[in-house]
Structure formats: C-alpha cells, structure tokens
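# give me coordinates for this.
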Amino acid sequence: MKFNLVVCGGTFDTFHKGHANFLRFILASSNKIILGLTTEKYVRSKKLSNSIESYSERKNSIEEFFKKENASGRLEIEPIDNLFIPKKWERLNIDAIAVSENTRKGAEIINQDREKRGLSQLKIIVAPVIFTESNKELSSFRIRNGEINREGKVYINPLWFEKDLMLPEGLRKEFQKPFGELLKNAEGLLRNINSLVITVGDVTTKTFNEKSLGQNISVIDFKVNREKKFADIKELGFVGSENIFYADNPAGYISSSLSKKLSEIFQLEKKHRIILQINGEEDLAVLPLVLLAPLGSFIFYGQPNQGMVKVVVSEETKDKAYELVNRFEMLK
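Residues are numbered from 1 along each chain as shown. Prediction:
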C-alpha cells in the first residue's frame with residue numbers, strides 16, 4: 001500500500017546504513033515525507049551524548065541522502081522538541097506514521113493522544129530492523145561507542161579473543177611511522193577535557209602523571225626500549241588506588257589475553273583510573289585500543305627518539321587500525 005503523506009521523526013545522528021534503509025522504506029511507501037528532526041534542545045533534555053552532531057549537521061546528512069536518491073522534492077524537514085506531532089502538521093492530511101520496531105511505542109502514544117482530541121488514528125508502518133555483523137541492531141550509539149562502522153561492520157573480530165596475532169616481518173616498517181600526530185610534549189594539551197584519555201608506555205604515562213593530566217586508562221610494562229626500568233606503579237606517579245588489570249603479551253604480538261582484557265576494561269563504568277599492566281610488552285597495544293575505544297577518545301604513546309604521538313580515535317583511524325590488524329598472522 002502506498003500512502004500520500006507519511007510522517008516520521010528521530011535524531012538521525014551519525015547517518016548510517018540503518019537510517020538509509022529506514023528512509024528508503026518510507027520512500028517506497030509514500031509520495032511525500034515530513035520528517036521531524038530533534039533539536040539540540042531536545043537532545044540536551046534527554047541527556048544524550050554530548051558527542052551527538054549538531055542539528056544542522058544531521059539535517060545536511062539527511063538532505064544529502066535524499067539528493068542522492070533523487071527524492072529531494074518529496075521531503076520536508078521540521079525541527080521537533082518532543083514526541084508529539086507539531087500542531088502545524090495536524091492541518092495536513094497525514095496518512096501514516098513510520099517507525100522502527102523500537103520506536104513503535106512512541107507512535108502508539110501519539111495515536112492515543114490524537115484519539116483523546118478527536119483526531120483520526122494514523123496508520124503505523126514499521127520499517128525492518130537492520131543488524132550488524134554481530135547480529136545486534138545497528139545504532140548511532142554503537143557507532144559513537146566505537147564498536148561498529150556506519151555499515152554495521154564490527155571493528156573487533158571475535159577470533160582475536162581466541163587466537164594470538166603475530167606481526168609479520170613485512171609489516172614492521174609500518175610501525176616505524178607515527179600512527180597519529182607527532183608531538184614534542186603533552187604540556188597543557190588535555191586539561192579540562194571530557195573525552196576518554198589513554199596512555200600507552202611507561203615514559204608517556206609517567207609524563208602525564210607528573211603533569212597531572214588525569215588520563216583514564218594507562219597501559220604499562222615497566223620497560224623502556226624493551227629494558228626493565230621500573231618495578232612499581234608508584235615510580236610512574238600513580239597513588240596506588242587505581243584499578244589494576246593484567247594481561248600477557250609477547251613483543252611483536254597482539255595476544256588474545258591482551259584483546260580480552262582490553263575488551264573487559266572498555267565494558268566497565270570507568271569510575272576509577274585504570275592501569276593495564278602487561279607481562280611482556282605493550283608495543284602493539286595501540287591498535288586494539290583504537291579499535292575498542294569510543295570515537296573522540298585520545299590515545300598517547302611514545303615514538304622512540306622522536307617524541308610523543310597523539311591519536312584521535314575516529315572512523316578513519318579505526319579503519320586504518322582494522323586494516324593493519326587484518327594483515328597480522330593469526331596463530332593456530
């Protein structure tokens with residue numbers, strides 16, 4: 001059945017495959033769409049993540065999608081501050097409201113309100129859910145949380161929790177180049193920042209502690225240039241009240257022990273500072289950290305004889321890390 005006018009609503013943050021499929025479903029079901037896009041005021045009132053894109057960014061993404069679908073003339077976008085259909089829309093001859101399965105209740109509440117006010121019920125049409133590779137629903141939250149990309153591809157292969165990965169000889173040159181921005185020091189860089197901050201390496205971690213930069217997670221192995229240098233976390237400037245986790249990881253490897261322990265750490269509610277102490281070496285820990293960390297996180301590590309490297313966790317750096325890890329040799 002094809003409707004003349006269909007309404008829908010949402011935040012449409014980090015426009016992804018699920019959004020595209022939802023809107024294609026509505027395009028196939030209607031001649032014209034009125035889309036209620038939540039305002040920044042609404043986003044703040046719901047205490048959603050402060051990393052959600054601005055109203056204009058989200059609106060532009062939707063408009064670009066409709067342009068590519070050659071359907072710009074069939075779309076009207078209006079700002080909305082609550083669940084209900086704006087009064088100005090009620091004069092229109094709306095046929096249906098489109099929802100996903102997990103927002104169906106909202107459409108039912110709208111119909112209940114319309115019934116109380118003597119208005120006609122809207123037909124509720126439900127778009128199919130889009131799932132990721134891991135058979136979970138594709139969502140903007142999971143993208144911002146760094147678990148998947150916009151197509152639903154999972155950044156961590158489950159086999160990496162079972163098998164050790166060895167750096168092949170032909171890939172070693174890649175790690176002689178900084179993975180991010182090369183810095184001379186961390187002075188004043190990260191004070192009063194809300195993002196997750198991670199340090200890798202004893203010297204980098206010690207520097208952050210000395211400057212009271214307050215990183216959330218530190219990965220250490222008590223070595224500098226593969227030589228034993230420290231014996232206790234207090235030598236690195238920790239106070240001793242931090243949560244300490246342990247993993248085994250040989251030099252030149254991303255071990256299953258390391259992958260599992262990092263995954264466990266990222267599932268915690270980070271109320272206390274965390275130390276991951278490596279038995280072996282943390283030389284390649286940056287890669288699984290990039291793949292597991294939420295978007296917008298910062299990772300700092302030392303580049304031998306060059307300085308400190310700052311990695312901003314983004315969709316681009318996750319794609320790069322994934323491509324590199326996929327070239328490692330998986331041991332039987």
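# for the residue sitting furthest away from the middle of the chain, give its distance to residue 163.
Relative to the centre of the chain, and counting by CA atoms, centre = their mean, the farthest-placed residue is residue 118 at 43.6 Å. Look at residue 118 and residue 163: by CB to CB, to the nearest Å, they are 64 Å apart. (C-beta placed from N, C-alpha, C; glycine too.)
# how much space between the residue farthest from the centre of the chain and residue 106?
21 Å.
# same thing with residue 141?
17 Å.
# with residue 321 instead?
37 Å.
# of those two, give the one with the bigger neighbour count.
Between residue 321 and residue 106, counted using other CB atoms under 10 Å, the more crowded position is residue 321 (21 against 17).
# thought the more buried one was touching residue 290?
Yes. Under the criterion of CB atoms under 8 Å, residue 321 makes contact with residue 290 at 4.1 Å.
# joint contacts of the two?
Here residue 321 and residue 290 have residue 179 as joint contacts, going by CB atoms under 8 Å, 6 or more residues apart in numbering.
# show the low-confidence segments of the stretch 201-332 of the chain, by residue range.
271 (pLDDT under 70).
# can you give me the strands in it?
217-220, 223-224, 227-228, 243-249, 253-254, 274-280, 298-303, 307-312, 329-330 (DSSP state E, counting those that start in this stretch).
# of the ones you listed, which is nearest residue 93?
strand 307-312 (48.6 Å; CB to CB).
# so what touches the closest one?
Outside strand 307-312, the residues that reach it (CB under 8 Å, 6+ apart) are 178-186, 189, 204, 207, 286, 290, 296-303, 317.
# buried subset of those, written for PyMOL?
Entered in PyMOL, the line below selects the buried ones among the contacts of strand 307-312, by 16 or more other CB atoms under 10 Å:
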select buried, resi 178+179+180+183+186+189+204+207+286+290+296+297+298+299+300+301+302+303+317
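# name the nearest residue to residue 133, ignoring sequence neighbours.
Spatially, and ignoring its direct neighbours in sequence, residue 133 is nearest to residue 154 (4.6 Å; CB to CB, 6 or more residues apart in numbering).
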